[in-house]
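**Student:** Give the three-dimensional model of this entry:
(2 chains, ligands or ions: 1)
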Amino acid sequence: MDKNKRFVLPIGPIHIALEEPIQLRLETEGNIVKNVQLKIGYVHRAIEFLLANKDFYQGIIVVERVCGICSHSHPTCFVQALEQIAEIEVPLRARYLRTLIGELERIHSHLLNTAITCEILGFKTLFVRFMNARENIKDLMEGISGHRGNYAFNTIGGVRKDLFEDEIHEVKKSIDSLEPEIFQLIETVLSNSILISRTKGIGVLTYQDAIDLSVVGPVARASGVDLDLRKDVAMPGAAYEFLEFEKVVEKDGDVLSRVKVRLLEMVESFKIIKQILKDLPKGTILTKKFVPIPKGIGISRWEAPRGGLIYYCITDGTDIPYRVKIRAPSFVNIYALNRILINQDVADVTLISGSIDPCFSCMQR
Amino acid sequence: MFLDAIKQFLRYSQKKSLWVFHVNTGSCNGCDIEILALFSSKYDAERFGIKLVGSPKHADILLVTGPVTTKSRDPLLRAYDMMPKPKAVVSVGVCSLSGGVFAKSYNVLGPVDNFIPVHVYIGGCSAHPNMILEGLLRAAQILCEEEELWSF
Ligand code: SF4
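**Tutor:** Model (predicted):
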């Protein structure tokens, strides 16, 4: 047989290794991937079209369903853009509460991704333990917001639900009990020699490639790009400017450093949450005055668990937005696969593509 | 006589070992994650013998999440056709029941039951793992009792 003959291996659209439909067509030579083609559009639900036909408050509900994992980041980013247009000043307490849910969401998303990485590696025990820890976080979020998945927490000018004194106390207690558990899991992953040797040095995205492909979020930070919107830009809807935390940046750009960035970010998130619970400012959670949203353009950014999220809104003075453009982080990150899957083993494909933490429903909207 | 006994036995065993195949036809991921949570240790569907399998050819139950979009219609129908009889379909989440918030979109063709027969509907956006579990057990009941499903 001709050794250099290329074989096309399609994965998907419906495949057990993928939660969501997407098609990866791998051109392989023997065991080595030589070319990758992505076919997307299976879960395109035309969110931007829907948004241009619904009013602002319905729009918040729709953008919440862009992605079931980042279902706090999307509405927050959307209302932040609208608040920018209408020049609404959000009460400080609401900003803190948004940040609180945002950080809990980051923890649960990173736990999920690490769990899936462990499952791909065949490490079932860790998978189960990470999922258990994630369930606790989910219960906490259900307690705070009222729902497990789609929190419906945001509205224009603030948040919809307050945290009372005794609730804060309860949240504090469960955070205190969760923290050592999750830290122990983090330590287990980072000190496990099998896990490290399996993920080290594969799927490398170099610093230059990361800049060229303009990847965002943990993928960029794992390649040494110092990019975290929480620190870099002003977020008038969140309270990051009052909180202390550090950017987590790694240098190697391989799967291990992506895992590491996510794990260490969770530590930072716990730091943030503790600060929020300690000095949550008193006051209202919603602006009193109802302000109609005038004609204008608003651009807002938010650091979702997967990276920088951008909403670009144009309004025309009516209560229906003229145009809303969503730039989801997974959409830019997924093209890194074209670079990092080349010359890798077919057996590593799921591991590497899982390490990007792709969210196909954000990507295809 | 003999065949009937075998059939009876098969029917009984159907109840205790359900193999489930999951198809996402355009959901927002919320319900898919809850299905993943269902198979992790807190809700632990495997204690009822429910197992997630990798091929529709092995499955008794098709779990569908999301409204049917233009591009995902054919994969859904193909997966359904590949399943051996008797088979039941469970549709999870409001948007697979009626289209939900996505109903008016140009790319959404409609709810799942416009394309394949659905036996159990599970509401909620996103559906709670306990609800999904109950729906699956209900589907097991239907699979065992419904006469129609066994005529092939
Ligand atoms: S029912 Fe709701 S949470 Fe579930 S997939 Fe549909 S939109 Fe997402």
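
**Student:** Work out for me the element the residue of the stretch 201-350 of chain A found nearest chain B sits within.
**Tutor:** Here the residue of the stretch 201-350 of chain A nearest chain B is A:Ser330; by C-beta to the nearest C-beta that distance is 10.7 Å. C-beta here means a position set from N, CA and C on the backbone, and glycine is covered the same way. Assigned by DSSP states H and E, A:Ser330 belongs to helix A:329-333.

**Student:** Which strands and helices lie in contact with that helix?
**Tutor:** helix A:217-222, strand A:307-316, helix A:360-364 (3 or more C-beta pairs under 8 Å, 6 or more residues apart in numbering or on different chains; DSSP states H and E).

**Student:** who wins for proximity to the ligand among these?
**Tutor:** helix A:360-364 (8.2 Å; C-beta to the nearest ligand atom).

**Student:** And the average pLDDT for that closest one is what?
**Tutor:** Across helix A:360-364, pLDDT averages out at 78.

**Student:** send the alpha carbons of it over as CSV?
**Tutor:** C-alpha atoms of helix A:360-364 as CSV (Å, rounded to 0.1, in the frame of the first residue of the first chain):
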residue,chain,number,x,y,z
PHE,A,360,-20.2,24.7,19.9
SER,A,361,-23.5,26.4,20.7
CYS,A,362,-21.8,29.7,21.4
MET,A,363,-19.8,29.3,18.3
GLN,A,364,-22.7,28.6,15.9
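
**Student:** Show me which residues of the stretch 1-150 of chain A are close to the ligand?
**Tutor:** Residues of the stretch 1-150 of chain A that fall close to the ligand, judged by C-beta under 6 Å from any ligand atom: A:65, A:68, A:149-150.

**Student:** So which of these reach chain B?
**Tutor:** The subset of those within reach of chain B, by C-beta under 8 Å from any C-beta of the partner chain, is A:65, A:68, A:149-150.

**Student:** Would you map the strands across the chain?
**Tutor:** Just so you know, I chose chain A. Along chain A, the stretches classed as strands by DSSP state E are A:7-11, A:23-29, A:32-39, A:154-155, A:158-159, A:295-304, A:307-316, A:323-327.

**Student:** ah, I was thinking of chain B
**Tutor:** Counting by DSSP E, chain B has strands at residues B:18-24, B:50-52, B:61-65, B:68-69, B:88-92, B:108-110, B:120-122.

**Student:** Is the shortest one in proximity to the ligand?
**Tutor:** No. For strand B:68-69 and the ligand, the contact criterion (C-beta under 6 Å from any ligand atom) is not met; the two come no nearer than 12.1 Å.

**Student:** Who are the packing partners of that strand?
**Tutor:** Applying 3+ C-beta pairs under 8 Å, 6+ apart, we find strand B:68-69 packed against strand B:108-110.

**Student:** Against which helices or strands is the strand it packs on packed?
**Tutor:** Strand B:108-110 packs on strand B:68-69, going by 3+ C-beta pairs under 8 Å, 6+ apart.

**Student:** The strand it packs on pairs with which strands, and in what direction?
**Tutor:** strand B:108-110 (antiparallel) (DSSP bridges).

**Student:** list the buried ones in the strand it pairs with?
**Tutor:** B:108-109 (16 or more other C-beta atoms under 10 Å in any protein chain shown).

**Student:** Pull the residues that contact that strand.
**Tutor:** Outside strand B:108-110, the residues within contact range by C-beta atoms under 8 Å, 6 or more residues apart in numbering or on different chains are A:45-46, B:26, B:67-70, B:73, B:99, B:102, B:115.

**Student:** mind redoing it with 6 Å?
**Tutor:** With contact meaning C-beta atoms under 6 Å, 6 or more residues apart in numbering or on different chains, strand B:108-110 is reached by A:45, B:67-69, B:99, B:102.

**Student:** ok, of those residues, which come out buried?
**Tutor:** For these, buried by 16+ other C-beta under 10 Å: A:45, B:67-69, B:99, B:102.

**Student:** any idea how far A:Phe56 is from chain B?
**Tutor:** 15 Å (C-beta to the nearest C-beta, to the nearest Å).

**Student:** A:Ala81 too?
**Tutor:** For A:Ala81, the distance to chain B equals 19 Å [C-beta to the nearest C-beta].

**Student:** What of A:Pro75?
**Tutor:** Distance, A:Pro75 to chain B, by C-beta to the nearest C-beta: 13 Å.

**Student:** thinking again about what came up before, will you turn the buried ones among the contacts of strand B:108-110 into JSON lines that also has pLDDT and distance to A:Arg93?
**Tutor:** As requested, the buried ones among the contacts of strand B:108-110 are exported to JSON lines (pLDDT from 0 to 100; distance: C-beta to C-beta, whole Å):
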{"residue": "A:Arg45", "pLDDT": "84", "distance to A:Arg93": "34"}
{"residue": "B:Pro67", "pLDDT": "88", "distance to A:Arg93": "37"}
{"residue": "B:Val68", "pLDDT": "88", "distance to A:Arg93": "43"}
{"residue": "B:Thr69", "pLDDT": "87", "distance to A:Arg93": "40"}
{"residue": "B:Gly99", "pLDDT": "81", "distance to A:Arg93": "37"}
{"residue": "B:Phe102", "pLDDT": "85", "distance to A:Arg93": "34"}
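
**Student:** Closest one of these to A:Gly307?
**Tutor:** Nearest to A:Gly307 out of the buried ones among the contacts of strand B:108-110 is A:Arg45 (C-beta to C-beta; 21.5 Å).

**Student:** Let me know whether the closest one touches B:Val101 as I believe.
**Tutor:** No. At 8.8 Å, A:Arg45 does not count as touching B:Val101 under the criterion of C-beta atoms under 6 Å.

**Student:** In stretch A:297-308, which residues are buried?
**Tutor:** A:298, A:300-308.

**Student:** avg pLDDT for it?
**Tutor:** 86.

**Student:** Dump it to PDB, restricted to CA.
**Tutor:** C-alpha atoms of stretch A:297-308 as PDB (Å, rounded to 0.1, in the frame of the first residue of the first chain):
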ATOM      1  CA  ILE A 297     -24.200  52.200  19.800                       C
ATOM      2  CA  GLY A 298     -22.900  50.200  22.700                       C
ATOM      3  CA  ILE A 299     -19.900  47.900  22.900                       C
ATOM      4  CA  SER A 300     -19.400  45.800  25.900                       C
ATOM      5  CA  ARG A 301     -16.900  43.200  26.900                       C
ATOM      6  CA  TRP A 302     -16.900  40.500  29.500                       C
ATOM      7  CA  GLU A 303     -14.500  37.800  30.500                       C
ATOM      8  CA  ALA A 304     -16.500  34.600  30.200                       C
ATOM      9  CA  PRO A 305     -15.000  31.300  31.400                       C
ATOM     10  CA  ARG A 306     -13.800  30.700  27.900                       C
ATOM     11  CA  GLY A 307     -12.400  34.100  27.200                       C
ATOM     12  CA  GLY A 308     -13.400  37.600  26.000                       C
END
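
**Student:** residue of chain A with the smallest distance to chain B?
**Tutor:** For chain A, the residue closest to chain B is A:Gly68, as judged by C-beta to the nearest C-beta, at 2.7 Å.

**Student:** ok, that residue - contacts?
**Tutor:** Counting by C-beta under 6 Å, 6+ apart, A:Gly68 touches A:149, B:28-30, B:33.

**Student:** one more time with 8 Å, if that's ok
**Tutor:** Taking C-beta under 8 Å, 6+ apart, one finds A:149-150, A:361, B:27-33, B:126 in contact with A:Gly68.

**Student:** For it, grab phi and psi.
**Tutor:** As for A:Gly68, its main-chain torsions (degrees, to the nearest 10) stand at phi -80, psi -10.
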